[in-house]
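# Provided below for reference: sequence and predicted model.
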Amino acid sequence: MTNAFAEQMEQARDLRLELTGLERGDEKEFLFQEWSPGRTMVKLWSLIDGEEITIPKYMVGPALMKRQRGGGYVFTSDPAKAPAFREGHVRCFLAEGSSERDSGLLEAAGLDHLPACPAIHLRSAYSKRIHGDNRHPQSSGALKEYLALKERTEDREDRRRQLEATLALAGRVAGESDDVASGPRRGRPPRS
Ligand SMILES: [Zn+2]
């Protein structure tokens, strides 16, 4: 499974900053328009604690632009750039500064209004899952449902876009050969 999509976006982010010297405030204007078919969920790594997170593709752009208070970015598409993941420092998904909160995933799933959980020293990703299932069964379930739903709808979206692109291309090709064959278009209603 490649992570090419997030890598491209991160490169675009860094290149754009290099070329234009964009100030922080302007970054919000930065539009990501690239898309790659067939990948609906994308992995990013936290530059704070090395945690891996999987989010829907449409959230990757905003997550990559997210800044830490000190100025550095919060996420990277390259695990080699992230600090080594440390056992015993895993945050509950509802904790302040969790990857789920920072990436906008909680907000997207409508869970960001929930109080921050104080658990920030869970031992592993496994402990985190167990903690979430036991302590926050409803919100944990809601988050999983949201991700599953997104995976399905994004997949449909991707296929739709692919189909549209194919049809547009086919239409252009057909239009071009029409023009060549029949010259200027006829049949416009006369102006009166
Ligand atoms: Zn918790």
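Happy to help now that I have it. Residues are numbered from 1 along each chain as shown.

# So what touches whichever strand or helix holds Thr54?
Take DSSP states H and E as the rule and Thr54 turns out to sit in strand 52-56. The contact list for strand 52-56 (Cβ atoms under 8 Å, 6 or more residues apart in numbering) reads 40-46, 63, 75, 79, 85, 99-100, 103-105, 108, 125, 147, 150-151, 154. Yep, even glycine has a C-beta here, placed from its N, CA and C like the rest.

# Would you mind listing which of the residues you listed are buried?
Among the contacts of strand 52-56, those scoring as buried are 40-46, 63, 75, 85, 99-100, 103, 105, 108, 147, 150, 154 (criterion: 16 or more other Cβ atoms under 10 Å).

# Please flag which of the contacts of strand 52-56 sit within helices.
Filtering the contacts of strand 52-56 for membership in helices, criterion DSSP state H, returns 63, 99-100, 105, 108, 125, 147, 150-151, 154.

# In a markdown table: those, plus pLDDT.
Formatted as a markdown table, those follow (pLDDT from 0 to 100):
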| residue | pLDDT |
| --- | --- |
| Ala63 | 92 |
| Ser99 | 93 |
| Glu100 | 96 |
| Leu105 | 94 |
| Ala108 | 93 |
| Ala125 | 88 |
| Leu147 | 92 |
| Lys150 | 87 |
| Glu151 | 85 |
| Glu154 | 78 |
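
# check these against the ion, which are close?
The subset of the ones in helices among the contacts of strand 52-56 within reach of the ion, counting by Cβ under 5 Å from the ion, is empty.

# Enumerate the positions of the strand holding Thr54 that are buried.
When burial is assessed from 16+ other Cβ under 10 Å, strand 52-56 yields the following buried residues: 53, 55-56.

# and the helix or strand of the chain with the lowest mean pLDDT, what does it pack onto?
Least confident element among the helices and strands of the chain, by mean pLDDT, DSSP states H and E: helix 4-20 (a mean of 74). Applying 3 or more Cβ pairs under 8 Å, 6 or more residues apart in numbering; DSSP states H and E, we find helix 4-20 packed against strand 41-46, helix 60-65.
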